[in-house]
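> Any chance you can model this:
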Amino acid sequence: MDVMPGKKLTREDIHIVAKEISNWGRWGADDQIGTLNNVTPSDIVAAAGLIRKGRVFSLALSLKEPIQSGLFGGRWNPIHTMLATGTDAVAGNQDEPAPYLRYADDAINMPCQSSTQWDALCHIFLGDKMYNGYDAKLVDARGAKKLGIEHMRDKMAGRGVLLDVARFKGVDSLPDGYAIKNAELDACAAAQGVEIRKGDFVIVRTGHQERCLASKDWTGYAGGGAPGLGFETCYWLKNKDVAAICTDTWGCEVRPNETDQANQPWHWVVIPALGISMGEIFYLKELAEDCARDKVFEFFFSAPPMHLPGAAGSPVNPQAIK
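Numbers count the residues shown, from 1 in each chain. Here you go, the predicted model:
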């Protein structure tokens, strides 16, 4: 299908593209990991060879950042609660009954997708279907019976590649509403001297998150305007056969969306049709600065989700190791 710049997508267009790039049945009728099938054991062994200086970068945003500003309903910022503290201990509140233990303990309350996280393949439906043709009704109040995040728990490791599109374009942050095109992804990779290969974990930096961190203003970050991947990049992902796609934005794709007939139209296609794992809200500042210094944009990547059967997403602390 011809996805022309400036063309307003229709719902019919979205369904046509979904059919064109569909991976349903590609890895069997029972497949539940989608494009993570592109990663082979030899890919992981080769990726381990990219570790040259032992430098580890956490790609997780602090859970204390109040990114959920209310534009997207149903999610809240993580709530960290202390259950027992050192002040309790020093006050003697833990000394009875004997024998006692002085300790700190705490709890966290958060939506699985309120900070740096993976989307599970059960996260987005296309009509009444999920990836690989599974019925959307298989996700109910008890969780997902198919395509839950637990199927990814031992799959998120391999060659990571940073595409620093903001730096490539010579800006601190791409502006809200900027749609990254296929040609720009290829040009950025070429400028960085890195090749995108089958089974890669591709991480795209827009600078949007760093803009919010610098201004201490998260207004609109969650569900508002943002730079991001244009709808046409669904073809790029299909053709490159990558394992996963991640960005520093709330929702990966450009906002406002390129249609007024669907919310998050790129999501409609890449998760339920292509079956790609998607990482959102990745913290990239320190990794990007190091890559710019040493001109090495590939690394060993590991980001296992929590083992939470039936979940539609999972918090994660991704690691890039150079």
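> Helices along the stretch 201-322 of the chain, start to end?
Ranges of helices in the stretch 201-322 of the chain, per DSSP state H, counting those that start in this stretch, are 208-215, 233-240, 265-269, 285-294.
> nope, the stretch 1-150 of the chain is what I meant
Counting by DSSP H, counting those that start in this stretch, the helices of the stretch 1-150 of the chain are 11-21, 41-48, 86-90.
> Name the stretch among these that sits most buried.
Mean neighbours per residue, mean count of other Cβ atoms under 10 Å, is largest over the helices of the stretch 1-150 of the chain for helix 11-21, with a mean of 17. To be clear about C-beta, it is placed using only N, CA and C from the backbone, and glycine gets the same treatment.
> can you give me the angle that helix makes with helix 233-240?
An angle of 0 degrees separates the directions of helix 11-21 and helix 233-240 when computed by axes from the mean of the first three to the mean of the last three Cα atoms, to 10 degrees.
> can you put the helices of the stretch 1-150 of the chain in JSON lines and add mean pLDDT and distance to W236?
What follows is those, written out as JSON lines (pLDDT from 0 to 100; distance: least, Cβ to Cβ, whole Å):
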{"stretch": "helix 11-21", "mean pLDDT": "96", "distance to W236": "10"}
{"stretch": "helix 41-48", "mean pLDDT": "98", "distance to W236": "20"}
{"stretch": "helix 86-90", "mean pLDDT": "96", "distance to W236": "52"}
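> With distance to N239 added, can I get those in TSV?
Below are the helices of the stretch 1-150 of the chain laid out as TSV (distance: least, Cβ to Cβ, whole Å):
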stretch	distance to N239
helix 11-21	9
helix 41-48	18
helix 86-90	55
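> Find the one among the helices of the stretch 201-322 of the chain with the highest mean neighbour count.
Highest mean neighbour count among these (mean count of other Cβ under 10 Å): helix 265-269, a mean of 25.
> Please state the offset of it from the chain centre?
The offset between the C-alpha centroid of helix 265-269 and the centroid of the whole chain comes to 14 Å, using Cα atoms, centre = their mean, to the nearest Å.
> Same question for stretch 94-104.
Centroid separation for stretch 94-104 versus its chain: 42 Å, with Cα atoms, centre = their mean.
> try stretch 140-155
Relative to where its chain is centred, stretch 140-155 has its mean C-alpha point 16 Å off (Cα atoms, centre = their mean).
> Same check on stretch 50-67?
From the chain centre to the centre of stretch 50-67 is a distance of 14 Å (Cα atoms, centre = their mean).
> Quick one: residues contacting the residue nearest the centre of the chain.
The centre of the chain sits closest to G279, judged by Cα atoms, centre = their mean, with a distance of 0.8 Å. Taking Cβ atoms under 8 Å, 6 or more residues apart in numbering as the definition of contact, the neighbours of G279 are T116, Q117, W118, D119, I203, A244, I245, C246, T247, A303, V316, P318.
> Ok, C246 next?
For C246, the contacting residues are L59, F201, V202, I203, V204, C252, M278, G279, E280, F282, P318, taking Cβ under 8 Å, 6+ apart as the criterion.
> per-domain residue ranges of the protein.
Each domain of the chain is listed here as a residue range: 11-73+111-321, 79-109, per automatic domain parsing.
> So which of those domains is the most surrounded?
For those, average neighbour numbers computed from mean count of other Cβ under 10 Å are highest in domain 11-73+111-321, which has a mean of 19.
> Would you mind giving the contacts of G279 as a markdown table with distance to S22 and pLDDT added?
Rendered in a markdown table, the data for the contacts of G279 read as follows (distance: Cβ to Cβ, whole Å; pLDDT from 0 to 100):
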| residue | distance to S22 | pLDDT |
| --- | --- | --- |
| T116 | 29 | 98 |
| Q117 | 25 | 98 |
| W118 | 21 | 98 |
| D119 | 18 | 98 |
| I203 | 25 | 99 |
| A244 | 18 | 98 |
| I245 | 17 | 98 |
| C246 | 22 | 98 |
| T247 | 23 | 98 |
| A303 | 26 | 98 |
| V316 | 27 | 98 |
| P318 | 28 | 98 |
